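1. no sequence for this one, just the structure:
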């Protein structure tokens, strides 16, 4: 499928057929998410595949009910430890790969970039890794569309109870639940604002 066709065809689907999704396709959508860009190549996203009917049923009452009707639910999570624990390693990897070659930028603790930015507090780190995970989640969603699958990006859930059901520790946070399956509906395109309403200015 051509890329703009994928973007235009994507819908938030809330009715799924019971047909199982082949593991090969699930692997492909995870691969698309894995290849997403992230700040300093941090890659803070982590995924939980919820495939068993028993586990999906346990989500009832903790999120919107249609989520549990899909044959697979991908819990898109962030590892809150990645920023502090893995940033130096990721920066070294980027440097070795030549990412900063020819650019007036040196990533080290004494660099003016880090001094200007300042240390991030816990809330800022959570926002930072969540934004990065959102990019990976969108790549997962678009690849699913490309493969003939349907999804819905869901952020309506109880964080603490879903984490408990999934067996996640304090270092993990669920960003979104993404049901994945074959659509049992064919909704019209959603209304979107014209570019003229979105473009603030040209300077």
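-> Cool, got the structure. This one's a predicted model, so the numbers in the text were calculated from it and none came from an experiment. Numbers count the residues shown, from 1 in each chain.

2. which parts of the lengthiest helix in the chain are buried?
-> Taking DSSP state H as the criterion, the chain has its longest helix at helix 122-146. For helix 122-146, a neighbour-count test (16 or more other CB atoms under 10 Å) marks 125, 128-130, 132-134, 136-146 as buried. To be clear about C-beta, it is placed using only N, CA and C from the backbone, and glycine gets the same treatment.

3. cool, stretch 55-67 as well?
-> Taking 16+ other CB under 10 Å as the criterion, stretch 55-67 shows 56, 58-59, 62-63, 67 as buried.

4. Just give me the closest of those residues to residue 167.
-> residue 58 (11.1 Å; CB to CB).

5. Could you pull up the residues touching that closest one?
-> residue 165 (CB atoms under 8 Å, 6 or more residues apart in numbering).

6. quick revisit: which elements pack onto the longest helix of the chain?
-> helix 3-9, helix 23-34, strand 45-50, strand 72-79, helix 82-96, strand 150-151, strand 172-181 (3 or more CB pairs under 8 Å, 6 or more residues apart in numbering; DSSP states H and E).

7. Which one of the ones you listed lies nearest to residue 190?
-> So among the helices and strands packed on helix 122-146, helix 3-9 is nearest, using CB to CB, at 11.0 Å.
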